[in-house]
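A.B. asks: sharing a model that was predicted from the sequence below.
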Amino acid sequence: MAAELEVEIVAADHFVWSGAATMVKARTSDGEIGILPGHSPVLAILEAGELAIEPVSGERIQVGVDGGFFSVDSNRVVIVADNAKLGGSVTPEAS
């Protein structure tokens, strides 16, 4: 059985998504990074943009974030965003 990542994404004020994935891609202050099972431990500052997640089953998931951080350790990826939204941009809509 191939290894997989355990991914959890939370925003400052709400839960966003969690599940098993084969890949996570994000933009950090040092550039874009791709995380696959077996990746070495990382703690990085998350830049505004979109995360891409390849879940074990189902279609690719896009999550818009506007900053935060993420950590990788022992095939567990934890993403804590200032604000996050499934499916796209977190830019507030005009009221």
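C.D. replies: Arrived safely. Since this is a predicted model, take the numbers as computed values, not measurements.

A.B. asks: going forward, measure contacts between C-alpha atoms and count neighbours the same way
C.D. replies: Noted.

A.B. asks: and residue 45, bridged to which residues?
C.D. replies: Counting by DSSP bridges, residue 45 forms beta bridges with residue 69.

A.B. asks: hmm, residue 29 and it touching each other?
C.D. replies: Yes. Proximity of residue 45 to residue 29 meets the contact threshold set by C-alpha atoms under 8 Å, at 5.8 Å.

A.B. asks: who has more neighbours, these two?
C.D. replies: residue 45 (17 against 12; other C-alpha atoms under 10 Å).

A.B. asks: so which bits of stretch 66-85 are buried?
C.D. replies: Across stretch 66-85, burial judged by 16 or more other C-alpha atoms under 10 Å covers 66-70, 72-73, 75-85.

A.B. asks: how far does that stretch sit from its chain's centre?
C.D. replies: 5 Å (C-alpha atoms, centre = their mean, to the nearest Å).

A.B. asks: what does stretch 12-23 give?
C.D. replies: On C-alpha atoms, centre = their mean, the centre of stretch 12-23 falls 7 Å from that of its chain.

A.B. asks: cool, stretch 29-40 as well?
C.D. replies: 11 Å.

A.B. asks: would you mark the buried spots in it?
C.D. replies: For stretch 29-40, by 16+ other C-alpha under 10 Å, it's 35, 36, 37.

A.B. asks: what's the closest non-adjacent residue to the second one?
C.D. replies: Here the nearest residue to residue 36 in space, its sequence neighbours aside, is residue 23; by C-alpha to C-alpha, 6 or more residues apart in numbering that works out to 4.9 Å.

A.B. asks: what's the answer for residue 68, then?
C.D. replies: residue 81 (4.2 Å).

A.B. asks: ok so, going back, burial of the residue nearest to residue 36, as a residue count?
C.D. replies: 19.

A.B. asks: ok, now which ones touch it?
C.D. replies: 5, 34, 35, 36, 37, 53, 54, 55 (C-alpha atoms under 8 Å, 6 or more residues apart in numbering).

A.B. asks: which member of these is positioned nearest residue 61?
C.D. replies: Among the contacts of residue 23, residue 53 lies closest to residue 61 (C-alpha to C-alpha), at 5.0 Å.
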